[in-house]
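[1] Below are the sequence and a predicted model for it; my questions follow.
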Amino acid sequence: MFLAKKVIASFLFPLPLGLLLLFLGLFLLWFTHRQSGGKLLATLGALLIALLGYQPISDRLLTPLERAYPPVMNAAEYAGVRWVVVLGGGHVSEPDLPVTSRLAENSVVRLAEGIRLLRQIPDGRLLLSGGGAFDPVPHAKVLAECAEALGVAPEVIRLQTRSKDTKDEAREIFKMIGKEPFFLVTSASHMPRAVALFKKLGMKPIPAPTGHLAKRPRGRNPQRYFPSPEGLHKSQRLVYETLGMIWAKFRGQI
């Protein structure tokens with residue numbers, strides 16, 4: 001089921017879906033007499049890629065999801081909270097690379113935010129989460145190696161290595177910290193779904209979103225006004241989280 005979800009979701013991302021429509025349209029135009037249908041599909045595919053790759057549009061669509069929870073600027077203001085939980089984001093355990101390069105970009109950002117919060121908490125604990133769904137080395141172990149390389153003492157680190165997805169993470173972390181309040185660190189676009197999954201178990205997450213993609217530019221960069229991979233990436237995050245939320249509601253997980 002886990003792998004099936006990943007495959008199905010991938011076909012619904014803006015770029016694969018747009019290309020599928022475009023190629024179907026071209027097939028109809030070149031090899032059949034259904035010219036009107038081919039023109040329609042090709043046009044829809046091209047428009048989908050162009051519009052969702054246009055950053056002002058993708059930013060506008062993604063912003064409500066990413067700004068659902070404000071960031072935690074000062075963890076010391078939350079008295080009695082000692083856990084910082086960092087959710088997994090992906091890695092490739094290639095030993096010839098430095099550990100910071102083995103982690104996916106969103107994982108590095110999540111870990112950096114987790115360490116920032118940890119350093120504001122007296123006697124804090126850093127719980128790093130993630131199994132090895134597509135890699136033989138559990139994600140949490142790579143996060144821990146990176147955290148230690150960045151100066152975090154090994155004795156304050158705890159690992160959760162049994163999960164494949166966020167639903168699993170919530171259940172496994174519940175076994176470790178129960179209903180203690182904790183800072184929940186994950187990507188801003190992922191935070192609404194993650195919070196809902198943890199709260200469904202009666203847990204007390206304090207959202208600490210990071211890795212915001214839709215930012216408010218202070219100046220005018222002309223490159224923002226051309227379709228780009230960055231725009232498609234933002235749109236893909238929106239689609240991914242929307243599908244994840246729908247699936248979680250359908251399964252009664254939130």
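    Arrived safely. Numbers count the residues shown, from 1 in each chain.

[2] For residue 204, which non-adjacent residue is closest in space?
    Nearest residue to residue 204, sequence neighbours excluded (CB to CB, 6 or more residues apart in numbering): residue 181, at 4.2 Å. In this view, the C-beta of every residue, glycine as well, is placed from N, C-alpha and C.

[3] and the one you found, what does it touch?
    78, 80-81, 83, 204-206 (CB atoms under 8 Å, 6 or more residues apart in numbering).

[4] buried set for the lengthiest helix in the chain?
    Identified as the longest helix of the chain according to DSSP state H is helix 229-250. Within helix 229-250, the residues scored as buried using 16 or more other CB atoms under 10 Å are 231-241, 244-245, 247-248.

[5] Greatest separation within those: which pair is it?
    231 and 248 (26.4 Å; CB to CB).

[6] Residues contacting the longest helix of the chain, please?
    Contacts of helix 229-250 (CB under 8 Å, 6+ apart): 5, 9, 12-15, 49, 52-55, 57-59, 61-62, 65, 166-167, 187, 189-190, 192-193, 196-197, 213-214, 254.

[7] switch to 6 Å and redo it
    9, 13-15, 52-55, 58, 61-62, 189, 193, 213, 254 (CB atoms under 6 Å, 6 or more residues apart in numbering).

[8] Stretch 72-84 now?
    114, 117-118, 120-121, 124-127, 177, 181-183, 208.

[9] Repeat the analysis, applying 10 Å as the threshold.
    For stretch 72-84, the external contacting residues (CB atoms under 10 Å, 6 or more residues apart in numbering) are 113-128, 156, 158, 173, 176-177, 180-185, 204-210.

[10] Could you work out the end-to-end span of it for me?
    12 Å (CA to CA, to the nearest Å).

[11] Where does the prediction get shaky in the protein?
    1 (pLDDT under 70).

[12] how's it carved up into domains?
    According to automatic domain parsing, the chain comprises the domains 2-66+227-250, 75-210.

[13] Of those, flag the one that's most buried.
    domain 75-210 (a mean of 19; mean count of other CB atoms under 10 Å).

[14] how distant is it from the center of its chain?
    On the basis of CA atoms, centre = their mean, to the nearest Å, domain 75-210 sits 12 Å off its chain's mean C-alpha point.

[15] Quote the end-to-end distance of that domain.
    End to end - CA to CA - domain 75-210 spans 14 Å.

[16] Please apply the same query to stretch 129-147.
    So stretch 129-147: terminal residues 13 Å apart, CA to CA.

[17] Strands of the stretch 101-250 of the chain, start to end?
    Listed in chain order, the strands of the stretch 101-250 of the chain (DSSP state E, counting those that start in this stretch) span 125-129, 157-160, 181-187, 204-210.
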